[in-house]
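Student: fold the following for me, if possible:
(4 chains)
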Number of protein chains: 2
Amino acid sequence: MSTRATKEALFDGFAQVAKALSNGRRAEIVDVLANGERSVESLAAEVHQSIANTSQHLQILKNAGLVTPRRNGTFVYYRLASPDVVGFWRALQGIARESRGDIERLVDEYLGDGSDDVEGLTKEELWKRIKRKDKLVVLDVRPQEEYEAGHLPGAVSIPLHQLKKRVKELPKSKQIVAYCRGPLCALAPDATRYLKSKGYRVKRLAEGAPDWEAAGYPLSRATDDK
Amino acid sequence: MSTRATKEALFDGFAQVAKALSNGRRAEIVDVLANGERSVESLAAEVHQSIANTSQHLQILKNAGLVTPRRNGTFVYYRLASPDVVGFWRALQGIARESRGDIERLVDEYLGDGSDDVEGLTKEELWKRIKRKDKLVVLDVRPQEEYEAGHLPGAVSIPLHQLKKRVKELPKSKQIVAYCRGPLCALAPDATRYLKSKGYRVKRLAEGAPDWEAAGYPLSRATDDK
DNA sequence: GGCATTGTCAAGTGTTCACTTGAATAGTAT
DNA sequence: ATACTATTCAAGTGAACACTTGACAATGCC
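Tutor: Okay, here's the model as predicted:
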């Protein structure tokens, strides 16, 4: 009891959880998984790594208790072990941005920073407008898989890489609100910049689907809900 | 903008903050620093490491933006860079305990687990009793330095390793409430077990000084406030 | 059954990590 | 200046890490 050895083992245990997130690629994986479960193959493509390497990263995350696998046929789907992991990941991002100017600068660069004067919209405001059935198009620009795993009620799915091709599906008359994975996801900022340049009336939800859900608002899982 | 390289750099940045806590000894350092600033020498003793090694760990924590140094004469005192770091550290502990049974078991072992049937007391309750000047002794069993860096109002300081020698200073007639660094600190559990075996009326505050402060209650810095 | 597909495991390689040792620096006291 | 202290820096060593490659296991399809 309260021996030095036990204390070391305990703190090594805490450290192991931090170690799971101490690699950029693993951090990316957690960020993606916050948007729903994914197969190993799909995650590997997302983080630009080999399947074997991605699998090994996933083992590390699993041993740290952050993710759990589910087998379905020849596929293995991983998801976050608990919703708390999202909160923890967000806390880490917050600390990092706050205490390190260089990271804040990278965020600006990544999101396309100041030159984008697209108006923002809060979750609360958007929810109000969805409930009173305002004429607006909620646009989910994440990959198809993430849309299917859960999206904002009534949202339309056009993954960013298809936007140029499918932009005509969007009405110029209505207000468009785009969103993606979260405040540090570049998909929606890219989309809104493009749409704005094409003359659409577009705003952006700063937060993403995981934050929306964490705030207590409902996600829809219907295959298509125009 | 939103290039793969920028994204990698950004997530590597997040990962670097996690990496700072990915070592058991550094985690211990952060845990101690949550109770106030400390010199390198003092930290080295606390984590049972050489001074050179401790200094290097501190450089890593500093580069991650988690701690900052302050020079005073020949001494260098380190402290947490922001109060948010305490919150983040607590979040990490929470995630680790929740998602990993083995860690929960280590916690039990470290704290001296179930055999201790000392009554607990919440911050709220204790604050009420301090305010209405109940006859109770609030006992701080952390090292002298931490007591001096900030303690509960009216608390008496008897570091755990001096408790046997100085136990006679405590009145058997009054209720004693011991506390230390936090819910995962073994000092107060050890102290309450000992005091109870000697026939004192003793309770334990589950949280520690950093939590007390984070909850908005005042800490006292008076050198001695019996 | 054979065979393709998805994922995991094992071994190998260059890099980073944690720690030690001993020298260099910054500040204080004499 | 000189001696002394607390800390940092630089170099070295064995262990762990991140990634690759190729073999193996699990599942489903024919």
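Student: where do the helices sit along chain A?
Tutor: A:4-20, A:24-33, A:40-46, A:51-63, A:84-99, A:101-111, A:123-131, A:144-149, A:163-166, A:187-197, A:209-214 (DSSP state H).
Student: mean neighbour count and distance to B:Trp212 for these - can I get that in CSV?
Tutor: Using the backbone N, CA and C atoms, a C-beta is placed for each residue, glycine as well. Below are the helices of chain A laid out as CSV (neighbours: other CB atoms under 10 Å in any protein chain shown; distance: least, CB to CB, whole Å):
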stretch, mean neighbour count, distance to B:Trp212
helix A:4-20, 21, 21
helix A:24-33, 24, 32
helix A:40-46, 18, 42
helix A:51-63, 16, 34
helix A:84-99, 21, 21
helix A:101-111, 17, 31
helix A:123-131, 15, 33
helix A:144-149, 18, 41
helix A:163-166, 13, 52
helix A:187-197, 21, 41
helix A:209-214, 21, 28
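Student: and B:Glu148, which of these is closest to it?
Tutor: Among those, helix A:4-20 comes nearest to B:Glu148, with 23.3 Å by CB to CB.
Student: quick revisit: same list (the helices of chain A) but as a markdown table, adding distance to A:Arg71 and mean pLDDT.
Tutor: Shown next, in a markdown table, are those (distance: least, CB to CB, whole Å; pLDDT from 0 to 100):
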| stretch | distance to A:Arg71 | mean pLDDT |
| --- | --- | --- |
| helix A:4-20 | 22 | 95 |
| helix A:24-33 | 16 | 96 |
| helix A:40-46 | 11 | 95 |
| helix A:51-63 | 13 | 97 |
| helix A:84-99 | 21 | 92 |
| helix A:101-111 | 35 | 89 |
| helix A:123-131 | 35 | 91 |
| helix A:144-149 | 17 | 90 |
| helix A:163-166 | 34 | 92 |
| helix A:187-197 | 29 | 90 |
| helix A:209-214 | 24 | 92 |
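Student: out of those helices, which gets nearest to B:Ser173?
Tutor: Among those, helix A:4-20 comes nearest to B:Ser173, with 34.7 Å by CB to CB.
Student: ok, the spatially most central residue of chain A - contacts?
Tutor: Nearest to the geometric centre of chain A sits A:Arg181, at 2.7 Å (CA atoms, centre = their mean). Counting by CB atoms under 8 Å, 6 or more residues apart in numbering or on different chains, A:Arg181 touches A:31-32, A:34-35, A:142, A:146, A:187, A:208-210.
Student: give me that answer again for 7 Å
Tutor: By CB atoms under 7 Å, 6 or more residues apart in numbering or on different chains, the contact set of A:Arg181 is A:31, A:35, A:142, A:187, A:208-209.
Student: swap in A:Ser82?
Tutor: Contacts for A:Ser82 (CB under 7 Å, 6+ apart) come out as B:98-99.
Student: now with 10 Å?
Tutor: Shown in contact with A:Ser82 (CB atoms under 10 Å, 6 or more residues apart in numbering or on different chains): A:65-68, A:88, B:95, B:98-99.
Student: quick one: those as CSV, columns for distance to B:Phe75 too.
Tutor: Formatted as CSV, the contacts of A:Ser82 follow (distance: CB to CB, whole Å):
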residue, distance to B:Phe75
A:Gly65, 40
A:Leu66, 39
A:Val67, 44
A:Thr68, 48
A:Phe88, 35
B:Ile95, 35
B:Glu98, 39
B:Ser99, 39
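Student: so does stretch A:205-220 get close to chain B?
Tutor: No. Stretch A:205-220 is not in contact with chain B by CB under 10 Å from any CB of the partner chain; minimum separation 14.1 Å.
Student: so how far is that stretch from its chain's centroid?
Tutor: Averaged C-alpha coordinates place stretch A:205-220 at 10 Å from its chain's average position (CA atoms, centre = their mean, to the nearest Å).
Student: one more: stretch A:45-54?
Tutor: Using CA atoms, centre = their mean, the offset of stretch A:45-54 from its chain centre is 18 Å.
Student: hey, C-alpha coordinates of that stretch in CSV?
Tutor: Extracted C-alpha coordinates of stretch A:45-54, given in CSV (Å, rounded to 0.1, in the frame of the first residue of the first chain):
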residue,chain,number,x,y,z
ALA,A,45,-6.9,5.7,-46.4
GLU,A,46,-7.9,8.6,-44.2
VAL,A,47,-4.6,8.9,-42.5
HIS,A,48,-2.5,8.0,-45.5
GLN,A,49,-0.8,5.0,-43.9
SER,A,50,-0.5,1.3,-44.8
ILE,A,51,-3.1,-1.1,-43.6
ALA,A,52,-0.6,-3.0,-41.4
ASN,A,53,0.6,0.2,-39.8
THR,A,54,-2.9,1.5,-39.2
